[in-house]
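Undergrad: what would the 3D arrangement of this be:
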Amino acid sequence: MKPITLAAALILAAGTAHAEMQLSFKGWGNIPSCTTGKPNTVGNPAFTLKGIPAGTTQVQIRLKDLDVPGYNHGGGKLKMTADGTIPAGTFKYKSPCPPSGVHTYEWTATAKKGNKTLATAKAARKYP
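TA: Now for the predicted structure:
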């Protein structure tokens with residue numbers, strides 16, 4: 001009888017679990033082409049966040065070059081809109097600009113309430 005009770009509890013818990021936060025962006029936006037290793041300061045691409053946790057007061061967005069993770073591309077801290085969109089050009093960052101070949105860049109969105117992290121989502125794309 002215990003295994004059945006445990007299984008039922010797990011099924012109920014799975015049914016009420018919250019969806020994970022998801023981050024997406026369609027492209028790099030209208031930024032100048034860059035392959036010199038000397039990034040331009042540009043406006044962000046448009047983002048969409050889904051599954052933002054209740055109580056989120058701000059979202060921090062950061063860009064990382066997965067091929068050169070120590071380079072700080074920057075990002076922004078912003079209040080979220082009710083629909084989870086972040087329009088293009090909301091904040092400035094240092095553009096993707098691999099010195100040779102193609103690099104993979106990853107945006108990370110961190111939902112926060114004060115100093116507490118509520119959720120994190122990531123989306124990656126190659127450039128150029």
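Undergrad: does residue 128 touch residue 102 like I think?
TA: Yes: Residue 128 is in contact with residue 102 according to CB atoms under 8 Å; the separation is 6.5 Å. For the C-beta atoms, the positions are set from N, CA and C on the backbone; glycine is no exception.
Undergrad: contacting residues for residue 114?
TA: For residue 114, the contacting residues are residue 57, by CB atoms under 8 Å, 6 or more residues apart in numbering.
Undergrad: from residue 86, how far out is it?
TA: 20 Å (CB to CB, to the nearest Å).
Undergrad: beyond the worst-scoring helix or strand of the chain on mean pLDDT, next helix or strand please.
TA: Using mean pLDDT, DSSP states H and E, helix 2-16 stands out as the lowest-scoring helix or strand of the chain, at a mean of 37. Following helix 2-16 in sequence order, the next helix or strand is strand 22-25 (DSSP states H and E).
Undergrad: direction included, what does that following strand pair up with?
TA: Applying DSSP bridges, strand 22-25 is found paired with strand 47-50 (antiparallel).
Undergrad: next SSE downstream of the partner strand?
TA: strand 58-65.
Undergrad: nearest spatial neighbour of residue 24, chain-adjacent residues omitted?
TA: Distance criterion CB to CB, 6 or more residues apart in numbering; nearest residue to residue 24, sequence neighbours excluded, is residue 48 at 5.0 Å.
Undergrad: got it, and residue 53?
TA: Per CB to CB, 6+ apart, closest to residue 53 is residue 118, 4.1 Å.
Undergrad: how much space between the nearest residue to residue 46 once chain neighbours are set aside and residue 94?
TA: Using CB to CB, 6+ apart and skipping the chain neighbours, the partner closest in space to residue 46 is residue 88 (4.3 Å). In this view, residue 88 and residue 94 are 16 Å apart by CB to CB.
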